[in-house]
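**Student:** I'll drop the sequence and a predicted model, then ask my questions.
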Amino acid sequence: MDIRDLSKASLTPLSNMCVIEKYFSAVKKMDALAVKGEKFDTDAIMELWHEDGQLSISGKDAIGEKQFAKQDEIAGFYKNRARGVEGLFSTNLSKVNVANSKNDEHIVVSGMRYIVDQKGQGLQAPFTHNFRLSDGRISSLDIHVGTPDKTEVAPIGSLTIEDLGSLSAMAWMVA
């Protein structure tokens, strides 16, 4: 393999990252409008989805798991999510901490949601979005609210003793 081919192949997993950036940009806009009590047009976010897309949301026991299939149900979820805020929050922000790409069609993003109500009471909620993409559009998205122990792409959370050897080996290689 030519070194130029190797270089191109190594950047392949990043080509769908623009879809993920557009997704979180639409979520940011949705959150800003929701805080103001204004309507969010789901078209901007739904153009990123396949017609037969699948959305699943899970978390600790209180959240359980919810499933949404195809454009109508997924658009309904985003409409309800934006409407559910109705100006009750003074801040509703997400911060992406890490994005890992297993391949061009599988990207995992983890971060933190910061929510503050009108009385100044706050909440921080960690999240992980497990995206599957096809033809540059989202075919499935699994959202986990809370910190999962592990994803298909990379372990999330605290390092354990068995990770320290691997971490040391990686540090040695780049030192």
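**Tutor:** Right, received. Where do you want to start?
**Student:** from here on, just use CA atoms for contacts and neighbour counts.
**Tutor:** Noted.
**Student:** immediately after the longest helix anywhere in the chain, which helix or strand?
**Tutor:** Identified as the longest helix of the chain according to DSSP state H is helix 17-36. Next helix or strand after helix 17-36 toward the C-terminus (DSSP states H and E): helix 43-46.
**Student:** quick one: buried residues of that next one?
**Tutor:** A44, I45, M46 (16 or more other C-alpha atoms under 10 Å).
**Student:** out of the residues you listed, which comes closest to N97?
**Tutor:** For those, the closest approach to N97 (C-alpha to C-alpha) belongs to I45, at 21.1 Å.
**Student:** so what's the most centrally placed residue in the chain closest to, chain neighbours aside?
**Tutor:** The centroid of the chain falls nearest to H129 when counting by C-alpha atoms, centre = their mean (3.1 Å). Leaving aside its sequence neighbours, H129 sits nearest to I143 (C-alpha to C-alpha, 6 or more residues apart in numbering; 4.6 Å).
**Student:** tell me which element that neighbour falls in.
**Tutor:** Per DSSP H and E: strand 137-145 holds I143.
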